[in-house]
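In: Quick one: sequence and predicted model below, then my questions.
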Amino acid sequence: MQRLLYIFLASVLLSACSKGAYDAWEDSATSVKDPISAIVTVKQDAAGRIFFQLDEDTRVYPVNYDHPYKGLQRIICQISLKEEKSECYIHWMDEIERGGGDNLPDTSEGYNGAGNRVGLDILDDWMTSVEDGFLTVHYSAWWGEGKIPHTLILYRSPEEENTFELTLVHFDNGDAALEKGDALIYFDINPLLPDTQGKHTTLTLKWTTLEGAAASKNFQFRSRQ
């Protein structure tokens, strides 16, 4: 898991805005809203068309997405939407690091990575969210020179009464603590939690801060449909 310092300044722009192409798309739209920054899920419909899951109930079709479909993934992007939210134009986008792969553990005790289990601060902003069956975390931690990847492990409490309680732990893998920087990571928590049957339920995320204090935050979780 590599750090992404200064996310908006250091993002690799996988899709750049072509003014001419955007003008043509804008002219064809009845009404185009001002650009917005968003974190979306890239998906594919039954006809093979790529769409963005903008929130749990809204999908929009990007008119200038030309990257191969690699299954469900989360990206951060700036897009313009038509008034009816049927299409969007990508001004820029960047993939977010995925944590845990397809096998999230029940505990962090079996992790044998080098270095210490250390704290992190989770930033309380729009990028830290639970939607579409994903947990996306915008966090701050201490880093070295960027050569050593850190490991973040998310696991569910084994206690039955805490079914919708998750714990996030952070290992520095021997990295030096030279500077503080922000990063983004997301986890697919849909297979980790019981099906909510279309309803929202309270999900609690727990972690240890940089100062070593216990912290928690509640979200509203609904299983991905």
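Out: Ah, there it is.
In: What is the end-to-end distance of stretch 21-40?
Out: Using C-alpha to C-alpha, to the nearest Å, the span of stretch 21-40 from its first residue to its last is 22 Å.
In: Show residues contacting it.
Out: Under the criterion C-beta atoms under 8 Å, 6 or more residues apart in numbering, residues 52-54, 63-64, 74-84, 87, 89, 91, 96, 127, 129, 136 lie in contact with stretch 21-40. (Each C-beta comes from the backbone N, C-alpha and C, glycine too.)
In: For it, buried residues please.
Out: 22, 25, 29, 32, 35, 38, 39, 40 (16 or more other C-beta atoms under 10 Å).
In: repeat for stretch 159-173
Out: For stretch 159-173, by 16+ other C-beta under 10 Å, it's 164, 165, 166, 167, 168, 169, 170, 171, 172, 173.
In: Only whichever of the contacts of stretch 21-40 are buried, select them in ChimeraX.
Out: In ChimeraX syntax, the buried subset of the contacts of stretch 21-40 is picked out as below (16+ other C-beta under 10 Å):
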select :52,53,54,63,64,74,75,76,77,78,79,80,81,82,87,89,91,96,127,129,136
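In: Among the contacts of stretch 21-40, which lie within strands?
Out: 52-53, 74-81, 87, 89, 91, 129, 136 (DSSP state E).
In: in the chain, which spans are helices?
Out: 7-10, 19-28 (DSSP state H).
In: which stretch in these has the least confidence?
Out: In terms of average pLDDT, helix 7-10 trails the rest of the helices of the chain, at a mean of 34.
In: What count of nearby residues applies to the residue nearest to residue 123 when sequence neighbours are not counted?
Out: Once flanking residues are discounted, residue 123 sits nearest to residue 138: 4.6 Å by C-beta to C-beta, 6 or more residues apart in numbering. Neighbours of residue 138 under the rule other C-beta atoms under 10 Å: 22.
In: coming back round to it: let me know the closest of the buried residues of stretch 21-40 to residue 203.
Out: residue 39 (17.2 Å; C-beta to C-beta).
In: Where does the prediction get shaky in the protein?
Out: 1-20, 27-30, 101-115, 160 (pLDDT under 70).
In: redo that, cut-off 50
Out: 1-15, 101-106 (pLDDT under 50).
In: Tell me how far residue 86 lies from residue 58.
Out: 10 Å (C-beta to C-beta, to the nearest Å).
In: In contact with the closest residue to residue 211 other than its chain neighbours: list those residues for me.
Out: In this structure, residue 211 finds its nearest non-sequential neighbour in residue 119, 6.9 Å apart by C-beta to C-beta, 6+ apart. Shown in contact with residue 119 (C-beta under 8 Å, 6+ apart): 141, 170, 207, 208, 209, 210, 211, 212, 213.
In: In strands only, show me those residues.
Out: 141, 170, 207, 208.
In: Which one of the residues you listed is nearest to residue 181?
Out: Using C-beta to C-beta, these come closest to residue 181 at residue 141, 7.1 Å.
In: Quick check: bridge partners of that closest one?
Out: Beta-bridge partners recorded for residue 141 (DSSP bridges): residue 181.
In: Next, the contact list for it, please.
Out: Contacts for residue 141 were tallied using C-beta under 8 Å, 6+ apart; they are 3, 118, 119, 120, 121, 150, 170, 172, 180, 181, 183, 210.
In: Residue 145 too?
Out: Contacts of residue 145 by C-beta under 8 Å, 6+ apart are 176, 178.
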